[in-house]
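Asker: structure for this input, please:
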Amino acid sequence: MRLNDFGIVVVIAVVVTALLLSEKPAPQPVAAAQPKTVVVLVPGADGKVGAVSVKSAQGETVINNAYASATTTGNAAPVTGSSNAAQVQQTFGETARALPPPPVSYTLNFLEGRDEYTPESHQTIETVLRELAKRPAAEIAVIGHTDRVGALEYNDKLSLQRAERVRADFIRRGVAERSISVAGRGEREPLVATADEVAEARNRRVEINIR
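Answerer: Here you go, the predicted structure:
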């Protein structure tokens, strides 16, 4: 009788243990992942650093140092930090390489009353062409200007003539004509404000915007 009782106890204990082992804890609700945004301030090609304001529902911060960062998670206030060039390259390098180059601008100056470049502008032309060689799908806006010497109608014509001179030189050097647009602004948009009939060399120019 005792043996039987002991045997029954053992069996019951085994069954109970098996039941306990087979029970699984109730699944816990999984919290939804909070969106995260990381902003890193990278110096420009000239080494200059601007400033960026990073906002969320709970706060705002401004980063204005090279490789400073601000991270927002959900609606929480931004958390500032710092990075370096190597870390930025490792994290964002592939994305950065896929982006188009940033827009750039150049200025060519001209001799008074003519569509001839100043000596310094001959060097700038070469710089522009080297930049265009890196951008096979570039869009190029060429905008001519004059100083305030001469009649308005004459300056309108001269400014366009200067822009067309630049376009012709680009095409001659292999730049696709369809990628270049030209315009003349005459004396209406001076770089340096002057009275009428004042000669100002910095206003005798063509602006080249590339994107």
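
Asker: ok, now which ones touch residue 186?
Answerer: Contact partners of residue 186, counting by CB atoms under 8 Å, 6 or more residues apart in numbering, are 145-146, 152, 155-156, 158-159. Placement of C-beta: from N, CA and C, glycine included.

Asker: could I get those as JSON lines with secondary structure, pLDDT and distance to residue 70?
Answerer: Written out in JSON lines, the entries for those read as follows (DSSP: H, G, I helix; E, B strand; the rest coil; pLDDT from 0 to 100; distance: CB to CB, whole Å):
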{"residue": "145", "secondary structure": "coil", "pLDDT": "98", "distance to residue 70": "40"}
{"residue": "146", "secondary structure": "coil", "pLDDT": "98", "distance to residue 70": "46"}
{"residue": "152", "secondary structure": "helix", "pLDDT": "97", "distance to residue 70": "50"}
{"residue": "155", "secondary structure": "helix", "pLDDT": "98", "distance to residue 70": "48"}
{"residue": "156", "secondary structure": "helix", "pLDDT": "98", "distance to residue 70": "48"}
{"residue": "158", "secondary structure": "helix", "pLDDT": "98", "distance to residue 70": "49"}
{"residue": "159", "secondary structure": "helix", "pLDDT": "98", "distance to residue 70": "44"}
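
Asker: filter those residues to the buried ones?
Answerer: Among the contacts of residue 186, those scoring as buried are 145-146, 155-156, 158-159 (criterion: 16 or more other CB atoms under 10 Å).

Asker: which stretches of the chain form strands?
Answerer: Along the chain, counting by DSSP state E, strands occupy 36-40, 52-56, 59-63, 68-73, 79-82, 104-109, 140-144, 180-184, 205-210.

Asker: could these go into JSON lines alongside distance to residue 90?
Answerer: Formatted as JSON lines, the strands of the chain follow (distance: least, CB to CB, whole Å):
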{"stretch": "strand 36-40", "distance to residue 90": "12"}
{"stretch": "strand 52-56", "distance to residue 90": "21"}
{"stretch": "strand 59-63", "distance to residue 90": "20"}
{"stretch": "strand 68-73", "distance to residue 90": "14"}
{"stretch": "strand 79-82", "distance to residue 90": "15"}
{"stretch": "strand 104-109", "distance to residue 90": "27"}
{"stretch": "strand 140-144", "distance to residue 90": "34"}
{"stretch": "strand 180-184", "distance to residue 90": "38"}
{"stretch": "strand 205-210", "distance to residue 90": "30"}
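
Asker: with distance to residue 133, mean pLDDT and mean neighbour count added, can I get those strands in JSON lines?
Answerer: Below are the strands of the chain laid out as JSON lines (distance: least, CB to CB, whole Å; pLDDT from 0 to 100; neighbours: other CB atoms under 10 Å):
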{"stretch": "strand 36-40", "distance to residue 133": "30", "mean pLDDT": "87", "mean neighbour count": "15"}
{"stretch": "strand 52-56", "distance to residue 133": "32", "mean pLDDT": "87", "mean neighbour count": "16"}
{"stretch": "strand 59-63", "distance to residue 133": "35", "mean pLDDT": "89", "mean neighbour count": "16"}
{"stretch": "strand 68-73", "distance to residue 133": "34", "mean pLDDT": "90", "mean neighbour count": "19"}
{"stretch": "strand 79-82", "distance to residue 133": "36", "mean pLDDT": "89", "mean neighbour count": "14"}
{"stretch": "strand 104-109", "distance to residue 133": "13", "mean pLDDT": "98", "mean neighbour count": "16"}
{"stretch": "strand 140-144", "distance to residue 133": "13", "mean pLDDT": "98", "mean neighbour count": "22"}
{"stretch": "strand 180-184", "distance to residue 133": "15", "mean pLDDT": "98", "mean neighbour count": "18"}
{"stretch": "strand 205-210", "distance to residue 133": "11", "mean pLDDT": "98", "mean neighbour count": "21"}
